[in-house]
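**Student:** kindly return the folded structure for what I paste below:
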Amino acid sequence: MIVYTARKSKFLDDVLDDQIHDVIHREFQRKLFRKAGQSEVNSWRNSMKEMRQVLIDPDIPGDSLVSIEYNIPLTGKRIDFILTGRNAQLEECAVIIELKQWSEVQATGQDAVVNTWLGKGNINTPHPSYQAWTYAALIEDYSEVVQNEKVRLGACAYLHNLHSDSVINDPFYKAHTDKAPVFISKDARRLSEFLKRHVKYGDKSDLMYRIEHGKIRPSKNLADSLTSMLQGKREFLMIDDQKLVYEMALDLAHARDTEQKRVLIVEGGPGTGKSVVAINLLNEFTQQGKVCQYVSKNAAPRAVFQARLTGTFSQTRIANMFRGSGGYIDNVRNQFDVLLVDEAHRLNEKGGLYGNLGENQVKELIHASKLCIFFVDEDQRVTFKDIGSKAEIHKWAQALGATVYEQELRSQFRCNGSDGYIAWLNHHLQIKPTANLNMDGLDFEFKVFDNPAEMHQAIREKNKINNKARVVAGYCWDWKSKKNPQAFDIEFPEYSYQAKWNLSDDGSTWIIKPNSVEQVGCIHTCQGLELDYVGVIVGPDFVVRNGDVVTDALKRSNMDQSIKGFKGGLKTDRAKNLAMADTVIKNTYKTLLTRGMKGCYVYFTDDETRVHFSALVAGFGKVETPPVLSKYEGLDLPIVQAGQEAANSVPIFDLKFAAGQFSEYQEADTFDHVVLPEHLRASDGYFVARVEGDSMNKRIPPGAWCLFHSNPQGTRNGKIVVVQHRNISDPELGGQYTIKRYKSEKREDGDGWVNSVVVLSPESTNDKHEAIVLSAEDAEGMVVIAEFLTVI
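**Tutor:** Numbers count the residues shown, from 1 in each chain. Sure thing, here's the model as predicted:
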C-alpha cells in the first residue's frame, strides 16, 4: 500500500502550493481509515519541502516517480520516501530515503543504535542508515517483482535539520552508512548527486505499482530457518524495535558488574518477532561462549524446534539449548549467563507432572541466571495456571535483588504485518476497545464460513502449497479418540463433518506433520508457532448475544486442564473465577485467530455469533429471509406495512424525501417499517433508507440499505452524515443532499464557537468524487439531516 504517488513534476507542484501535507494526509485517511497525528502531518510538510529542494535539480528526470509512505509487505513498517526510475544502464531502480526531523543525535555503544529526542525525551533508536538498508532488504525479500526482474535497490537517510555529522557518520556506524549513506542539512546537493547516480531516466512502467500489486514471496518461517540461524546465518533482518531489544540484551549480558542480576522484560503482541529475537540471541550468546538456554513452558515450540534440528545438531546439544520452564528448581545461583524465556506469560507457579514441584518458576529462572530475558504478551495467558505477568516478574526481581529493564516490540510480522487486524480482534472479541471497527484496508484474508466441512476443505487447499495450513479449535469437545482411535472427537452431523483432535503419536510436533491437516489442533499444540493460513472452529464457549460477547467455561470439555479449578472456584469467589474464565477464553481465541500470517478462516458453531461476525467482516449483515414487499428490492428483512406494529422495527424512508421533509413533527407511522436484525436495536429517531451511488463505497456498497439516526446531537466530526445545503448538487442523492464524511474546523467569535470551514469527504475507490468544501459563510446554510450508523 502506498499513501501518495506522483511524477516528480507533480510532487514539486504540490509542495510549491503548500498542500503536500494535506494531500498526503487525505490519502492517508482514505487508505488507512485513520487520521495521522499533528506531529506526523507537520513532519510531512517540513520534510517534503526539503525533498523539493533536492529533487528540483533538472538532471533528476521529471517523469521519475515519487512514492511516499509505502507499507512493506508482511510487516507493519512504512517507508518515508522512494524515488523510482532507470539508471544509466537502463535497469529499473528504486531509492529508499529515510527522512528524519532530528536536530541533535548522540552515539551509543550499541551497534546501529543512536540516541535522540523523540517526543517525550531522549531515547535509543535505530540508526537511520540501518533502517534504510534493512527496509530495502525486506522489499527484496518479499517482492517477486524485485527478485525476478532484477530491480536495483538503493538506500540512504536524510536528516535535514541536523547540522553536524560527527556522530551520525561516526566510524562506529560505518558498516551501516556504507550500505546507506546519511546526509545532513548542508548535504542537499550531495543527496541530489546520489539520486542522479541511481535515477538517470524516468519511470515509464510504474515500478512501485508493480511492486505493490505484484506477487509476494512466501514469508520465512522461524522453525524452517532455525538450523541455518543456529549455524550463524542471518535469516531474519531485525528491524527497529527488534534491533533495540537485541542490542540492549547484548549490553546487559556484557555489563561489567557481573554479580548484579539483571532482568529484561520484552513485551510484544502476536507476530512482533519475540521468538525471532530470542533465537537470534540464543545463537549470538552461544557463539560467544556464554551459557545460554531457550526456555518455554509450552512444549509445542520446543518440540518443533528440536525436530527441525535433529540430524544437524547432536541430541545433547539440542537438549542443552532448549528446556522447559520447570527444569530450574535445583539450579545454583547464577548458573547460567543468560536464560531466554519465550512465551513467558505461560509460566506456572509450580512445575512437574503433577504441578507440585518447586516454589515459583519466575523466581527459579531469575535465581538461576545472571541475565533473564522474559518475552511476554499478557493477552496470550490462556490457562488459570498462567502467572507470567509483568507484575509477577517485577515482584520476584525485586525479591532477588535484580535490576529490571523493559522494552516493547511493535513491529508486526504476523497477519501480513497488520496491527489493524490485531486491534480489530481486540475490539470485537471485546478484550479491549480500539478504533478498528472494520476490516477495510487490511491486507489479510479473513473469512467466516457457514459450513465447517467447507472451511476445512479450504484449509486443505491452502495446505497443498507448502504444508503450512492447519485447523484448530477451542477445547469444547472431549478427546474420545485418545482411547478409541476409531472415534471422532468433533462432529457436526448436519454438515457431514467429523474430525479428530491431533494424534497423540505426533505430540507437540503435530503442526509440522505432513498429514496432520486432517486433524484439529488446540491452543496447547499451536501457541508460539506460526502458519500461513489457520482455520478456527469457535465452540459454544464463545457466543455473541445482542452484540455482546458472552463466554461460558462450562461449555468447555471436562478434559480441558486450562480451566482446572473453575467449578470449585465458583463456590468460593464466583465473580473472580468468572472473570478469569472470560479472560482465558477470549485470549485463547485471539491466540488461535492470530496463528496465520496470511489468512484466517473461521466457523462459529453458534448461529447468532456467525451472523454477527459475518456482518462485521462484510460491513453489513444480510439475513437471508425473503422480503415481504417487493418494492423494497434488496431489503431482505421482514417488512411491516404502515399503521401496523412490530417489535424492534424502524420506518423506511426515501432518503431524498426524508432529507427534504425531515422534522420533529414528521409522522413515522405513516411509513412502512422494517424489522431490524437481532444484533441491532431500534431506538427513537432511527430509520432505514437506501443509498445510491459509489461516492462512499469504501463504507457503503452502492444500493445498500442503511440505518440512520435523524437530527443527531453532539459533535459530527469524523462521522458519516446526510447533509442538506443549497450549494450542493449531488447526482447520487439528487439536488441539495449528499452523504459524506463530515469534518469541521472551528474558531471562536463573540457568540461562541462557529465553523470556519466544513469539509464533506467521499470515501470511494472512484477517484472522480471530490470533497465538498464549505466556507464559514456557506456553512451557515448547511443542515445535518441524519447520521449514518451501519449498513443492514
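
**Student:** which residues in the stretch 151-300 of the chain form strands?
**Tutor:** Assigned by DSSP state E, counting those that start in this stretch, the stretch 151-300 of the chain shows strands spanning 152-159, 182-184, 262-268, 292-296.

**Student:** could I get those strands as TSV with mean neighbour count, distance to Leu118 and mean pLDDT?
**Tutor:** Yep, even glycine has a C-beta here, placed from its N, CA and C like the rest. Below are the strands of the stretch 151-300 of the chain laid out as TSV (neighbours: other Cβ atoms under 10 Å; distance: least, Cβ to Cβ, whole Å; pLDDT from 0 to 100):
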stretch	mean neighbour count	distance to Leu118	mean pLDDT
strand 152-159	23	13	97
strand 182-184	23	17	97
strand 262-268	23	19	94
strand 292-296	24	31	93
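
**Student:** among the helices and strands of the chain, which has the poorest mean pLDDT?
**Tutor:** For the chain, scoring each helix and strand by mean pLDDT, DSSP states H and E identifies helix 655-661 as the least confident one, at a mean of 43.

**Student:** which residues in the stretch 101-250 of the chain form helices?
**Tutor:** In the stretch 101-250 of the chain, the segments counted as helices under DSSP state H, counting those that start in this stretch are 128-142, 144-148, 174-177, 188-198, 207-213, 222-230, 241-253.

**Student:** of the ones you listed, which approaches Lys555 most closely?
**Tutor:** Nearest to Lys555, of all the helices of the stretch 101-250 of the chain, is helix 222-230, at 32.7 Å by Cβ to Cβ.

**Student:** what's the following helix or strand past the least confident helix or strand of the chain packed up against?
**Tutor:** Moving toward the C-terminus from helix 655-661, the next helix or strand (DSSP states H and E) is strand 673-675. On a contact count with 3 or more Cβ pairs under 8 Å, 6 or more residues apart in numbering; DSSP states H and E, strand 673-675 meets strand 639-640, strand 649-651.

**Student:** any idea which of the ones you listed is most buried?
**Tutor:** strand 649-651 (a mean of 22; mean count of other Cβ atoms under 10 Å).

**Student:** Leu709 against Leu789, yeah?
**Tutor:** One correction, residue 709 is His, not Leu. Yes: contact criterion Cβ atoms under 8 Å: His709 and Leu789 qualify, at 5.8 Å.

**Student:** closest to Gln430 out of the helices of the stretch 101-250 of the chain?
**Tutor:** Nearest to Gln430 among these is helix 241-253 (27.9 Å), distances taken as Cβ to Cβ.

**Student:** SS state for Asp22?
**Tutor:** helix (DSSP: H, G, I helix; E, B strand; the rest coil).

**Student:** check contacts around it.
**Tutor:** Counting by Cβ atoms under 8 Å, 6 or more residues apart in numbering, Asp22 touches no other residue.

**Student:** returning to what we had before: turn the strands of the stretch 151-300 of the chain into a markdown table, columns for distance to Ser614.
**Tutor:** Converted to a markdown table, the strands of the stretch 151-300 of the chain look like this (distance: least, Cβ to Cβ, whole Å):
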| stretch | distance to Ser614 |
| --- | --- |
| strand 152-159 | 42 |
| strand 182-184 | 50 |
| strand 262-268 | 31 |
| strand 292-296 | 36 |
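
**Student:** in the protein, which helix is the longest?
**Tutor:** Longest helix of the chain, by residue count under DSSP state H: helix 574-593.

**Student:** show residues contacting the next helix or strand after it.
**Tutor:** Scanning forward in sequence from helix 574-593 by DSSP H and E, the next helix or strand is strand 596-604. When contacts are defined by Cβ under 8 Å, 6+ apart, strand 596-604 is touched by residues 74, 219, 271, 413-416, 444-452, 455, 458-459, 462, 469, 530-538, 593-594, 610, 613.

**Student:** next one: stretch 31-51
**Tutor:** For stretch 31-51, contacts defined as Cβ under 8 Å, 6+ apart pick out 1, 3, 11, 14-15, 18, 20-21, 24-25, 28-29, 68, 80-81, 97, 99, 101, 119, 158, 160, 188, 435, 438, 440-441, 698.

**Student:** which of these are buried, as a ChimeraX select command?
**Tutor:** Selection of the buried residues among the contacts of stretch 31-51 in ChimeraX, burial being defined by 16 or more other Cβ atoms under 10 Å:
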select :3,11,14,15,20,21,24,25,28,29,68,80,81,97,99,101,158,160,188,438,698
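
**Student:** go through stretch 193-207 and flag the buried ones.
**Tutor:** 194-195, 198-200, 202-203, 207.

**Student:** what is the nearest of the residues you listed to Gln288?
**Tutor:** Nearest to Gln288 among the buried residues of stretch 193-207, with distances taken as Cβ to Cβ, is Phe194, at 37.0 Å.

**Student:** contacts only, for the closest one.
**Tutor:** Contacts of Phe194 (Cβ under 8 Å, 6+ apart): 95, 156, 181, 183.

**Student:** mind checking the strands of the stretch 151-300 of the chain for the one nearest to Gly109?
**Tutor:** Gly109 lies closest to strand 262-268 among the strands of the stretch 151-300 of the chain, at 16.2 Å (Cβ to Cβ).
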